[in-house]
Structures are given as C-alpha cells and as structure tokens.
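Engineer: my questions concern the predicted model and sequence given below.
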Amino acid sequence: MATLKLDHIVKEFDGAEVIKGVDLIVEDREFVVFVGPSGCGKSTLLRMIAGLESVSDGDILIDGKKVNQIGPAQRDLAMVFQSYALYPHMTVANNMGFSMRLAGVPKADRDARVREAARILKLEELLDRKPGALSGGQRQRVAIGRAIVRNPGIFLFDEPLSNLDAALRVQMRIELARLHNELEATMIYVTHDQVEAMTMADKIVVLQGGVVEQVGSPMALYHHPRNRFVAGFIGSPTMNFTEVEVTETSPAGVQVTLPGGDSRLIPVESGNCQRGERLTLGVRPEHLTIEDNGPMGGTVTVIERLGGATSLYIATEDGEWVVMADGEVQKRVNNAVRFGFDPGRAHLFMENGDALPSLNRHPLVNIERRENRIDTMDQQ
Ligand SMILES: Nc1ncnc2c1ncn2[C@@H]1O[C@H](COP(=O)(O)OP(=O)(O)OP(=O)(O)O)[C@@H](O)[C@H]1O
C-alpha cells in the first residue's frame, strides 16, 4: 500500500520559482507519468518526491504521512535513473544485492530477493556476468532489479529508457507495463516522450513551466484536452490548428466559418462565446479525411507512407495541414486534394487557450468514469 499526495508544492532555485504550486494525488498501485517539454520541472518534482531535493513550500505525504523532512532512504521508495551507473567490477547479482549488503540484510535473504528480481526481469541466466558483457537493455533491467530488491512502496523512474535505441525502448516499455502488473506497485515515471506517457500510464500529468496543465487518463487527455497546449502535446502527428470565426451559438454547439468559407457546427459548450469572436479550431490528423467535396483543400507537399497509414502534408492558403489517411491512399506530391472532418471530433479553443468542453464525452472516457477507475480530468 503506497499513496502519494502533493499539497501545493513549490520549488525555488535562487529566487526563481520552477515548480509553482503543484497539487496531485497518486493512488495505490497507480502508474502515473509526468510528461512535458524540456525544463517544465518533471525531474525536479520527482527528485522532491524522492527526497533528493528540498521543498520550498507545500507538503509531500506518503500514505498520509508528511515526509518533507524525512531522508530518501526512509521514504519507502526506490528510484531508477536515466544513467544507470552499474558497478563495472561487480556481477549482476552483486550489483542488485549491493544496497541490501550495505543495509546488513542477511545473505540468504539477499540471495532470495535477487533471485526473485532476476526471475521477474528475465535476468536469471545473466546473474554471474559483469555489466560490460550486457546489452543496453539488459543493463537497464539490472538497474530496475536494484530497485525491485528493495521492495519499495513507490518506484520512481526518471527517463529510464532514453539511452536505449528505438526498438529496445518499445520492448522495455512493454516490460515495464508487465512489471507494474506483476509487482502491483505504485509507479511514477518521468518522460518527455508523449508516446511513452500514452502507452504506459493509468494517469498522465502534463506539466508546462512548473504548472500542471491537466491530469487524466491517456484517453481523457486525447479526447478532452483542457487547453491548446495539452491538445498539441498529446497525440502524434500533432493536432492541426486554424483560426475560425463564430457565426452562431446554440445549445447544440458553436457554428464557425472554416478557412475557405464553409460553416460547421462544432458540438461544444458555447459558454460566453459571442458571434464574431475568433477561436482556434483543432483537428487531429487521424480525424481528417480526404473527400472530393471536402470543405478545405490544398496541394500535397510530402507523403509519408507508414504501411497501415499514410501522412499527407498539405499546403493550404491557411498554412500546412497534416492528414493521416489510409495506407493505400492514391495520392502523389503536387496533387490537389480536398479534405474534411467529423465536427464531433473537432476541438475549439478560446483566445486564452482554454478548450470549450465537448458536448459528447468519448465512450471510452465514459466507461473509465463509470468504473471509477480514473476520472481526474477535473482534478487540479
Ligand atoms: N539545481 C538547480 N539550480 C537551478 N536551477 C535548476 C536546478 N535544477 C533545475 N533547475 C531549473 O529548473 C527548471 C526545471 O528543471 P527540470 O530538470 O526539473 O526540468 P525537466 O522537465 O526535467 O527537463 P528535462 O526534460 O530537460 O530533463 C529548469 O528551468 C532548470 O533549469
């Protein structure tokens, strides 16, 4: 059992606030991912949870107990870093058991815990090897093994896969998800890679400039981004944005004029929107479709064929749009194309970047809410 609560955490370095009042609840056994651009404060937040960095203001509570003044070793957590610095002269088994030896754990107990960690991480055949004779992925598994043997309530990961090549990262991502299920531990994971965040997290915390932009399940963030920043950060290729003008508002949504002159009713809460107001329309590339009579059009400049899908980069009078089309799409560079979208999958953002909430809650997000698994869209 391990829960974590951050109660208005602030961090200052030399008078500059880099974490600006973060509130967060991490439930027992949850896999929570902190994601955001470089410098947004992810590592600083993690290091404060670990006890490696002091807190300037606010409280950190583990299982309801305030730990601000408690040292890292007494916090019942283990951290895995990007640079996994194994001892080169020690075998895998000794690397994993070293911290227990320092802590005076009896040898039989140590050996049993190392064997169990090796089983979980599929390192049994490698226990007598030295790190120099291991691949990058195997070394990272040993580093995770060092954390597992300590049997912590909370695992903290700071970009643990960023030194691995792309194929290995995908494999380790799956192994970490499996590990989370097997250990039933609480895990907090820092990355700048939104694909890692989407694929591993129960709950994603999007940070920017030391502030939490949104907390929610991957699908809640994907379908219901709270603002333009989250909309652009989550999803790949990134969401297309364009300026539109409001022509009418009603309980059914907001009617806007698209570039090119056509109108569409977007089913979102109109709030205080006024006729004539300028908003930003956002549509994900995978929600755009090539249609002969589509409301928007342009010229194909680049085609990326991925096999199952094809990205078409289209130069329009309104800038570049990316359409994720069918893998078999019969288009070539310089072709003129028209495209459109289902208004139910489009987003509207006000001038301050806030999204107008969709009137249709996505079915998957609804299921999550009913099961009460996670619905932290409104948690701040
Ligand atoms: N020891 C320090 N002294 C002064 N400023 C610091 C210190 N550590 C971090 N910062 C600043 O705090 C901000 C947040 O840094 P942090 O390393 O937490 O960001 P991050 O989101 O983890 O970025 P990255 O993905 O690049 O690692 C940055 O502006 C950074 O320059």
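Structural biologist: Okay, I see it.

Engineer: what about the helices in the chain?
Structural biologist: 42-50, 92-102, 107-120, 136-148, 166-183, 194-200, 218-223, 228-233, 363-370 (DSSP state H).

Engineer: could I get those helices as a markdown table with mean pLDDT and mean neighbour count?
Structural biologist: Every C-beta, even on glycine, is put in place using the N, C-alpha and C of the backbone. Shown next, in a markdown table, are the helices of the chain (pLDDT from 0 to 100; neighbours: other C-beta atoms under 10 Å):
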| stretch | mean pLDDT | mean neighbour count |
| --- | --- | --- |
| helix 42-50 | 96 | 22 |
| helix 92-102 | 92 | 19 |
| helix 107-120 | 92 | 16 |
| helix 136-148 | 90 | 21 |
| helix 166-183 | 87 | 15 |
| helix 194-200 | 92 | 20 |
| helix 218-223 | 94 | 22 |
| helix 228-233 | 96 | 21 |
| helix 363-370 | 64 | 14 |
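
Engineer: is it possible to get JSON lines of those that adds distance to Glu317?
Structural biologist: Output for the helices of the chain, formatted as JSON lines (distance: least, C-beta to C-beta, whole Å):
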{"stretch": "helix 42-50", "distance to Glu317": "39"}
{"stretch": "helix 92-102", "distance to Glu317": "60"}
{"stretch": "helix 107-120", "distance to Glu317": "56"}
{"stretch": "helix 136-148", "distance to Glu317": "47"}
{"stretch": "helix 166-183", "distance to Glu317": "36"}
{"stretch": "helix 194-200", "distance to Glu317": "30"}
{"stretch": "helix 218-223", "distance to Glu317": "29"}
{"stretch": "helix 228-233", "distance to Glu317": "22"}
{"stretch": "helix 363-370", "distance to Glu317": "35"}
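
Engineer: between the ones you listed, which one is closest to Tyr84.
Structural biologist: Nearest to Tyr84, of all these, is helix 136-148, at 3.4 Å by C-beta to C-beta.

Engineer: from what I can see Arg150 touches Ser99, true?
Structural biologist: Yes: between Arg150 and Ser99 there is a contact at 6.4 Å, judged by C-beta atoms under 8 Å.

Engineer: that older thread, and of the helices of the chain, who's closest to Gly307?
Structural biologist: Here helix 166-183 is closest among the helices of the chain (C-beta to C-beta), at 15.7 Å.

Engineer: tabulate the CA atom coordinates of the closest one in PDB.
Structural biologist: Taking C-alpha atoms only, helix 166-183 is exported to PDB below (Å, rounded to 0.1, in the frame of the first residue of the first chain):
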ATOM      1  CA  ALA A 166      14.000   3.000 -30.500                       C
ATOM      2  CA  ALA A 167      13.300  -0.800 -30.800                       C
ATOM      3  CA  LEU A 168      14.600  -1.500 -27.300                       C
ATOM      4  CA  ARG A 169      12.600   1.400 -25.900                       C
ATOM      5  CA  VAL A 170       9.400  -0.200 -27.300                       C
ATOM      6  CA  GLN A 171      10.300  -3.600 -25.800                       C
ATOM      7  CA  MET A 172      11.200  -2.100 -22.400                       C
ATOM      8  CA  ARG A 173       8.000  -0.100 -22.400                       C
ATOM      9  CA  ILE A 174       6.000  -3.300 -22.600                       C
ATOM     10  CA  GLU A 175       8.200  -5.000 -20.000                       C
ATOM     11  CA  LEU A 176       7.700  -2.100 -17.600                       C
ATOM     12  CA  ALA A 177       3.900  -2.300 -18.100                       C
ATOM     13  CA  ARG A 178       4.100  -6.000 -17.300                       C
ATOM     14  CA  LEU A 179       6.300  -5.300 -14.300                       C
ATOM     15  CA  HIS A 180       3.800  -2.900 -13.000                       C
ATOM     16  CA  ASN A 181       1.000  -5.500 -13.200                       C
ATOM     17  CA  GLU A 182       3.200  -8.200 -11.600                       C
ATOM     18  CA  LEU A 183       4.500  -6.100  -8.700                       C
END
